[in-house]
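A.B. asks: return a 3D structure for these sequence lines:
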Amino acid sequence: MNNNREIIAILRERIPTFECVPGCHDCCGPVTTSSEEISRLPVKTNAEHDAALAEWNCVHLGPNGCEVYEERPLICRVFGTTPNMPCPNSCRPKEMIDSKTESQIHHFIANTRQVLV
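C.D. replies: The predicted model follows:
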């Protein structure tokens, strides 16, 4: 793994997916993400950030759910895929994330500059 963009791409491939409860956004609170990941997201105004934070929501949460779902950060992708971050609605993939990948994700998050989404 050479650079952060490559690391993110490899880790994303290893995170299992699953179906959420339609309309649920329990995991869409304010989160932090790496500079590389946030650079792929639309820029929001300070007012939009303030409004989202006042509701304890992510600034990219819209009326129909996540507006950046395909580009959502690693922390959002791992939610519900591990017993350490379970979905409150008991949604989960057929197979949970492997512990090595989960550890690599947490290591990446802990060792990169994180910014509030």
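A.B. asks: the helices in this structure, which residues?
C.D. replies: 4-14, 35-38, 46-54, 74-78, 99-110 (DSSP state H).
A.B. asks: now those in JSON lines, with distance to Val117 and mean neighbour count?
C.D. replies: For every residue, glycine as well, the C-beta is placed using N, CA and C. Below are these laid out as JSON lines (distance: least, C-beta to C-beta, whole Å; neighbours: other C-beta atoms under 10 Å):
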{"stretch": "helix 4-14", "distance to Val117": "15", "mean neighbour count": "15"}
{"stretch": "helix 35-38", "distance to Val117": "6", "mean neighbour count": "17"}
{"stretch": "helix 46-54", "distance to Val117": "9", "mean neighbour count": "12"}
{"stretch": "helix 74-78", "distance to Val117": "9", "mean neighbour count": "21"}
{"stretch": "helix 99-110", "distance to Val117": "13", "mean neighbour count": "14"}
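A.B. asks: what's the closest of the ones you listed to Leu61?
C.D. replies: Checking the helices of the chain against Leu61 by C-beta to C-beta gives helix 46-54 as the closest, at 6.9 Å.
A.B. asks: could you export the helices of the chain as TSV, including distance to Arg92?
C.D. replies: Formatted as TSV, those follow (distance: least, C-beta to C-beta, whole Å):
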stretch	distance to Arg92
helix 4-14	16
helix 35-38	23
helix 46-54	27
helix 74-78	12
helix 99-110	14
